[in-house]
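Enquirer: what's the 3D shape of this:
(2 chains)
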Number of protein chains: 2
Amino acid sequence: TMLRFGHMALPGPLKRFFCSIANATTVLLNPTERVITIKNATNEDKKMHFPLAWLRDNCPCPVCYSASSELRNLKMMDFCPRVNAVSVQMSEQSESMTVSWDDGHSSSYRLEWLRAVAFGADTAGRQRPPLTRNRPVLWCDASKATAPIWQPKKVRFEHIMKSDAELLLTLLELEERGLVLIEDCGVDSEVVKNICKRLSFPRTTHYGETFEMRAEAKPRNLGYTSDRLDFHTDLPYMHEQPGVQALLCQVQASGPGGDSLFADGFSAAEHIRRSRPDLFRLLTTVPVRFRDRGQLADRRFDLVATHATIELDCQPDGEWCYRRVHFSNQQRDLLQAWPLADVQLIYDALKAFNDVIEGRDISSDSSKVQLQVKLRSGEMALFDNSRLLHSRTGFSGERQLAGAYLLWDEVLSRRRTLESQLQIGRQD
Amino acid sequence: TMLRFGHMALPGPLKRFFCSIANATTVLLNPTERVITIKNATNEDKKMHFPLAWLRDNCPCPVCYSASSELRNLKMMDFCPRVNAVSVQMSEQSESMTVSWDDGHSSSYRLEWLRAVAFGADTAGRQRPPLTRNRPVLWCDASKATAPIWQPKKVRFEHIMKSDAELLLTLLELEERGLVLIEDCGVDSEVVKNICKRLSFPRTTHYGETFEMRAEAKPRNLGYTSDRLDFHTDLPYMHEQPGVQALLCQVQASGPGGDSLFADGFSAAEHIRRSRPDLFRLLTTVPVRFRDRGQLADRRFDLVATHATIELDCQPDGEWCYRRVHFSNQQRDLLQAWPLADVQLIYDALKAFNDVIEGRDISSDSSKVQLQVKLRSGEMALFDNSRLLHSRTGFSGERQLAGAYLLWDEVLSRRRTLESQLQIGRQD
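Expert: Next up is the predicted model:
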């Protein structure tokens, strides 16, 4: 069966063109809205919409699309977004729809493919691309004050180095919870590099490909002392921040102290949003300037960045999610472009955020946004530096950590390819 | 002369405390607004304001501040944003102001320092931290249709490798114009790494620390063909994108073609903003999904990111500037979360942006947003990948480029330390 709409003068007085084929499927072209709609009489809800410009743009022929690299060959300079359909043909035999365009090109789309990529029938009619990133699972649900504190998953070094399935589970946990502990890594600082390479690769900073951290006589910052630290995110003085951190305990303090503290910045943000929307507004909009200056080896550095404390990812339709948190009292700059009238409330907001993180906010059981763990020698914390704040308790004696940063982009890339390789999750 | 306010019960019925010292300076503490104001009778306009919380937070004593690392020692967990001043003393002898706080601490601030960091007397009363980044100078001023196209600065490789002053000028040019050409680099691919190290360090991607680009029999994308390319930014499928690119011409096509094309994305954005505010709104708000999949060496990758085409940096007070542009037709994903009703206009907007870039928008003399240069062997283009779009004309025969990416954060850090070292620019 082959049905043809024939030539159409657009814009014409006719708004719709109907075409019924054997299996009760109707194809409509709305030349005003410039959308082709395929609907099935037996399932009115399952209308599939295809804007003409989108169809032409995504022509799957070998000239317009490279199947081997999965990239578009059609160039924007050769593409006309107001291209018109000269004819539309449905073929039941080949299970495809063929559109002839007024730019002289002709495109064939398999029905199976069209079903997979259709603009949906809901109000907005969107396609549904998979999430770039799985949604974070908050440590503390602000609406359930009695929820027990979550405990981090522990995996063995050998397992994630040898098993792709174990690595995938670890990356998914890191993505959703922001923290995984890796045991029995050994204490060689090469281990940090090796784990980075297994996940993707270490992202060099001014500290180098990896860094070591111990109490020093002339500390370059409070991290290099044995003091209790404030909760903080690393590298807030960068805009092109790496999102993931690996921190290996090489030597742990033999006495009390030296415990690692982790807090879920998104849970804390959510708590502030519910209890103090006025402060939440400040934390999500006021730019805070961070700066770090110094010298490492023979190179001086002077890194400066401004970020809202709580960075949201806001869509034009009002949907939003938490993107990153940025908090480091040490590196918050002296100079801030804050309006004088807001300064007091900005400090109130920063303190309130810190209070929730520290569990000092007695108005709720907010101790649940943080957890404490004393890493053993050879134990590594792999965590989301764009979401978690971390700290440590004071200690005495020797204690040494080795660390490195990774990119979320690359870690997520690894997760996607592992899912595809192990045939887990949505295939696309 | 030592004047003391004495103890104050706050909040009290008195709103202001006055204190005049010999040189006609008056110090006022407003306990309601929690601000100390220093004013001089001879210059009413030059009021200096200091919020109490800010003063306490930035106490310069060795306990609260580390002069050696230029970082705050005072911890947020120990800081009370509602701290009160018990007394304020002005000392003309030591040219300082001393505040005793109700947390038991006492802070002394040099008047010279206070003058440098004061919250100003304008309506918002802001401090004025230096710009994180110098303002871009647009290639094409949309309000002046007859402005001549700008030509990129050329510097010699040897000069920037040996002279810090020459390097600083080069970085400032890169920051303001987005493009510098470096001549006589030689064609060894180590040169790319060496220039990166001189500027900061190469930022590794899935392509490695550096990459090479030539026409290949099985091209992984259109870059590895000899075709004319669309204008594009590199790595739009990353969120943690490196902002700077170095591209060395190792072998240039001997025949015609192979010219490099650069376009100022901010100038193009500004043109769209003035001519088509409706499309500008779409380009600045609609998230566009980019994806790149494949295999390099033995590692598969699947990188996905969403960005608005024109990314703005918007402040809460309505101030804004251009932050980044993201445009790559090849890697724009098939699947987009666009509302059906907006799809046509989104394509119109993408095409309009491309038309301005390509100089095809005949409504204005928009050819001025792009320039064309045929790099010679040993010539390198150093450019802002977060602002410029680049392309090349088609060619035949052999042509080879070597490239690397750098971080804007690190390049700006280098610029700041060079300025400080060479005592150029604002010292702070």
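
Enquirer: Check the gap between whichever residue of the stretch 251-400 of chain A sits closest to chain B and B:Glu33 for me.
Expert: Residue nearest to chain B within the stretch 251-400 of chain A: A:Leu340 (3.0 Å; C-beta to the nearest C-beta). All C-beta spots, glycine's among them, are computed from the backbone N, C-alpha and C. For A:Leu340, the distance to B:Glu33 equals 9 Å [C-beta to C-beta, to the nearest Å].

Enquirer: of the two, who's got more company?
Expert: More crowded of A:Leu340 and B:Glu33, by other C-beta atoms under 10 Å in any protein chain shown: A:Leu340, with 22 against 17.

Enquirer: give me every residue that touches the residue of the stretch 251-400 of chain A closest to chain B.
Expert: Neighbour list for A:Leu340: B:35, B:49, B:51, B:119, B:124-126 [criterion: C-beta atoms under 8 Å, 6 or more residues apart in numbering or on different chains].

Enquirer: mind listing the strands for the stretch 251-400 of chain A?
Expert: In the stretch 251-400 of chain A, the strands defined using DSSP state E, counting those that start in this stretch lie at A:260-264, A:287-296, A:299-308, A:310-314, A:320-325, A:370-373, A:380-384, A:388-392, A:400-406.

Enquirer: want to throw those into CSV with mean neighbour count?
Expert: Output for those, formatted as CSV (neighbours: other C-beta atoms under 10 Å in any protein chain shown):
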stretch, mean neighbour count
strand A:260-264, 24
strand A:287-296, 19
strand A:299-308, 21
strand A:310-314, 17
strand A:320-325, 18
strand A:370-373, 18
strand A:380-384, 25
strand A:388-392, 23
strand A:400-406, 22
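
Enquirer: and A:Glu166, which of those is closest to it?
Expert: Closest to A:Glu166 of the strands of the stretch 251-400 of chain A, according to C-beta to C-beta: strand A:380-384, at 13.1 Å.

Enquirer: Measure how the closest one sits relative to strand A:320-325, angle-wise.
Expert: Angle between the axes of strand A:380-384 and strand A:320-325 is 130 degrees (criterion: axes from the mean of the first three to the mean of the last three C-alpha atoms, to 10 degrees).

Enquirer: partners of strand A:380-384 in the sheet?
Expert: strand A:179-183 (antiparallel), strand A:244-251 (antiparallel) (DSSP bridges).

Enquirer: circling back: would you list the strands of the stretch 251-400 of chain A in TSV and tack on mean pLDDT?
Expert: Below are the strands of the stretch 251-400 of chain A laid out as TSV (pLDDT from 0 to 100):
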stretch	mean pLDDT
strand A:260-264	96
strand A:287-296	95
strand A:299-308	96
strand A:310-314	93
strand A:320-325	95
strand A:370-373	93
strand A:380-384	98
strand A:388-392	97
strand A:400-406	97
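
Enquirer: B:Thr26 is nearest to which of those strands?
Expert: So among those, strand A:287-296 is nearest, using C-beta to C-beta, at 30.3 Å.

Enquirer: what's the closest one in contact with?
Expert: Taking C-beta under 8 Å, 6+ apart as the rule, strand A:287-296 contacts A:206-208, A:220-221, A:236-237, A:300-309, A:326, A:328, A:331-333, A:335-337, A:350, B:69-71, B:129, B:132, B:315-316.

Enquirer: Quick check on those: which are buried?
Expert: A:206-207, A:220-221, A:236-237, A:300-309, A:326, A:328, A:331-333, A:335-337, A:350, B:69-71, B:129, B:132 (16 or more other C-beta atoms under 10 Å in any protein chain shown).

Enquirer: which residues touch A:Ile346?
Expert: A:282, A:286, A:338.

Enquirer: Dump the residues you listed to TSV, plus distance to chain B.
Expert: Converted to TSV, these look like this (distance: C-beta to the nearest C-beta, whole Å):
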residue	distance to chain B
A:Leu282	9
A:Val286	6
A:Trp338	6
